[in-house]
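Trainee: quick one: sequence and predicted model below, then my questions.
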Amino acid sequence: MDVFPAATPPPGPHDGFYPPDVPRDVDVPDRSVWGALEANATAYPDEVAMHFLGRTWTWARLRAEAEAMAGALQSLGVTRGDRVLLYMQNAPQFVIAYHAIARADAIVVPANPMYHATEVAHYIQDAGARVGFASADLAADLAEGADLTTEGLAHVVVFDPLEGMPDDVAAAASDWPDAWRDWLLVRRERPVLTRGELHEWRDLAALHAVPAGPVVSRGEDVVAIGYTSGTTGVAKGCMIKHRSVVHQAICAEYWTDMHHGDAALLVVPMFHTTGMVMGMLACVQAAAKIVLLPRWDRQVAARVIQSEQVTHWPNIPTMVIDLLSAPDLEDYDLSSLRYIGGGGVAMPAAIATRLRERFDLEYLEGYGLTESAAAAIQNPRGGARRGELGIPFMGMDARVLNPDTLTEAAVGEIGEFVLNGPQVFSEYWQRPEATAEAFVELDGKRFFRTGDLGSVDTDGYFTMTDRLKRMINASGFKVWPAEVEALMYGHPAVQEVCVISAHDPYRGETVKAVIVPKPAHRHTVTPDEVVAWAKDHMAAFKYPRQVEFVDELPHSASGKLMWRLVQDAQDAKGATTPGTSSVPPPPPASS
């Protein structure tokens, strides 16, 4: 098999902090992501590949179901390079559909299941998707979103979460939280797709039983379009190649010490690159068991770590904080865990210390983006440093540039992180100007400008201090203020709005809207009413938890909103603001 040879990042002081069993980079086979699943089904057909709330799939069964769905997609007209939407919470169907889309040589477009119809419509329209998968609890939003686009969706494949449950589901559900039973055990009415055809997941492969054609995709083909926003508020699609995610999956084996026969708890959302690449695809690459949960619940997670002998747990720190605060934590045996790590928000030093003392586990923080197919800078095993992002990931050339001169910053000097490596995305989908602005040439190589500011020390460890781009990090979810502002103008009382970050003791940061109300609504609209409206019109992690009304917002001489002044004023006030409505955040990694 042809391979892409290992990249050769320049040597640096961080090289000495790589664990002895971790190479600086690896050769990557020139193949589709499908190859790893095919290999596992051949080598380990009867071993358990995936566990979901008491039901299991072997590698052979997982391959068979994905291959049947790939044939069904091709019978519906899906061809090489077509974009197919995935819109669901963590479910076995996500793993199967992802691999089916890759097997059919098409491109996965993962959509955040927290998004409402107006938000998911952008994914459909921008990607030009004509086929989508949705769980029944989200199908109505997908159908409504399709109606808001120019062409709609030709085909939507729907399933009830109940279809992924064990036969004795009542016994399996006895230990679930009440909210899970109300959500997962209900068969829902199907929406009307006005310009397309609705298909039941369980019937589709049987009704369109045609063998999938040969796999054509190779490493340079695009496997996924991951959407990320920015200063304009318009979500852009990152074109991610097979070779990039295969590279990251192989490297995850080395970095996290994952092997055939291990088991990983996958509760971080798979629509996001961390769950998709460092979770799902890393497990398939290593032939490790995927232990899947639909959402976070600390009791369910603790039980499944014990019962399934989970060895690896990628997460966000808020999950660890929640788990360690469980009053019955001592009732569970979590000694099987060997790796635990994540990012998104900083891990408090006290929690990391308790994790080490109670379970002898080193929490490995890191830094990554959709544009880098997850991991870019990570703390290494045996060398984790609190408050620091870590060292460049395998194959990555990470540097700090002066954002004004675009020359390399000195050690300890604040500058912008830039990235070059086999995992970095190729371009933004149908946005050549945005692509050109996102990259800079340095030493004959093309570096992605992250927009994040920080420094690197004499050991080669990176620390982040600020952002060039406007972005709020709420429990690990990126919120782009310009995108929220665009949605807030749909409220009839909003004349002008500036969305900023406010401190939150649980989420780290939360979303605040500073609003100039229209004169007719100035004495009638309330903060609580605006928060309630926003909750109905945008994703749970995105809507403003705090609202403040002001008479005016600051503008430059050219009329540009000076958001930084508003942010600075909020930072000076602290977490509480008179005239502000604040509502509790959702549980971590749930909707």
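Mentor: Noted; the coordinates are in hand.
Trainee: how about the residue lying closest to V22 once chain neighbours are set aside, secondary structure?
Mentor: Sequence neighbours aside, Y254 is the residue nearest to V22 in space, at 4.7 Å (criterion: C-beta to C-beta, 6 or more residues apart in numbering). (Glycine included, C-beta is placed from N, CA and C.) Using DSSP: H, G, I helix; E, B strand; the rest coil, the secondary structure recorded for Y254 is helix.
Trainee: so which residue is dead centre in this structure?
Mentor: Centroid-nearest residue in the chain, with C-alpha atoms, centre = their mean: H272, separated by 1.7 Å.
Trainee: phi, psi for that residue please.
Mentor: Backbone torsions of H272, given as degrees, to the nearest 10, read phi -90, psi 150.
Trainee: next, the buried residues of stretch 498-506.
Mentor: Using 16 or more other C-beta atoms under 10 Å as the test for burial, stretch 498-506 gives C498, V499, I500, S501, A502, D504.
Trainee: gap between that stretch and the chain center?
Mentor: Distance of stretch 498-506 from its chain centroid, counting by C-alpha atoms, centre = their mean, to the nearest Å, is 21 Å.
Trainee: now stretch 301-316
Mentor: So, by C-alpha atoms, centre = their mean, the centroid of stretch 301-316 is 19 Å from its chain's centroid.
Trainee: which other residues reach that stretch?
Mentor: By C-beta atoms under 8 Å, 6 or more residues apart in numbering, the residues outside stretch 301-316 that reach it are 51, 175, 256, 258, 262-268, 274-275, 278-279, 288-289, 291, 293, 319, 323, 326, 329, 332-334, 336-345, 475-476, 588-589.
Trainee: longest helix in this structure, please.
Mentor: Longest helix of the chain, by residue count under DSSP state H: helix 59-75.
Trainee: for it, the averaged confidence score.
Mentor: Taken as a whole, helix 59-75 has an average pLDDT of 96.
Trainee: ok, residues contacting that helix?
Mentor: The contact list for helix 59-75 (C-beta under 8 Å, 6+ apart) reads 37-38, 40-41, 43-47, 49-50, 57, 84, 95-97, 99-101, 103-104, 106, 131, 204-205, 207-213, 287.
Trainee: could you point out the helix or strand that follows that helix?
Mentor: Sequence-wise, the next helix or strand downstream of helix 59-75 (DSSP states H and E) is strand 83-87.
Trainee: what packs against the helix or strand that that next one is followed by?
Mentor: Using DSSP H and E, the helix or strand that follows strand 83-87 in sequence is helix 92-103. Here helix 92-103 touches helix 34-43, strand 48-52, helix 59-75, strand 83-87, strand 107-111, strand 131-135, strand 289-292, going by 3 or more C-beta pairs under 8 Å, 6 or more residues apart in numbering; DSSP states H and E.
Trainee: buried members of the contacts of stretch 301-316 into PyMOL, please.
Mentor: Buried members of these, defined by 16+ other C-beta under 10 Å, are picked up in PyMOL with:
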select buried, resi 51+256+258+262+263+264+265+266+267+268+274+275+278+279+288+289+291+293+319+323+332+334+336+337+338+339+340+341+342+343+344+345+475+476+588+589
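Trainee: of the contacts of stretch 301-316, which belong to strands?
Mentor: H51, A263, A264, L265, L266, K289, V291, Y339, I340, G341, G342 (DSSP state E).
Trainee: ok, so of those residues, who is nearest A140?
Mentor: Nearest to A140, judged by C-beta to C-beta, of these is L266 at 26.5 Å.
Trainee: any idea how far A70 is from the closest residue to the closest one other than its chain neighbours?
Mentor: Distance criterion C-beta to C-beta, 6+ apart; nearest residue to L266, sequence neighbours excluded, is G279 at 4.5 Å. The gap separating G279 from A70 is 22 Å, by C-beta to C-beta, to the nearest Å.
Trainee: on that earlier part again, I'd say the residue nearest to L266 and P269 touch.
Mentor: No. Assessed by C-beta atoms under 8 Å, G279 is found out of contact with P269, at 9.3 Å.
Trainee: okay, domains of the chain per the record?
Mentor: 3-392, 472-582 (automatic domain parsing).
Trainee: how about TSV for the ones you listed, with distance to T463 added?
Mentor: TSV is the format used below for the domains of the chain (distance: least, C-beta to C-beta, whole Å):
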stretch	distance to T463
domain 3-392	5
domain 472-582	15
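Trainee: and those domains, which one is worst for confidence?
Mentor: domain 472-582 (a mean of 84).
Trainee: for the nearest residue to P269 once chain neighbours are set aside, what are its contacts?
Mentor: Of all residues not flanking P269 in the chain, G275 sits nearest, at 5.1 Å (C-beta to C-beta, 6+ apart). G275 sits next to N90, L266, V268, P269, P314 when contact means C-beta under 8 Å, 6+ apart.
Trainee: how about G12?
Mentor: So G12 contacts P392, G460 (C-beta under 8 Å, 6+ apart).
Trainee: and it, its phi and psi?
Mentor: Dihedral pair for G12: phi -160, psi 170, per degrees, to the nearest 10.
Trainee: that one and F359, how far apart?
Mentor: G12 is 32 Å from F359, by C-beta to C-beta.
Trainee: try Y489
Mentor: As judged by C-beta to C-beta, Y489 and F359 stand 48 Å apart.
Trainee: shouldn't R218 be in contact with W34?
Mentor: No. Taking C-beta under 8 Å as the definition, R218 is not a contact partner of W34, at 11.0 Å.
Trainee: those two: which is more packed in?
Mentor: W34 (25 against 15; other C-beta atoms under 10 Å).
Trainee: so the more buried one touches I101, yeah?
Mentor: No. Using C-beta under 8 Å as the test, W34 is too far from I101 to be in contact (9.7 Å).
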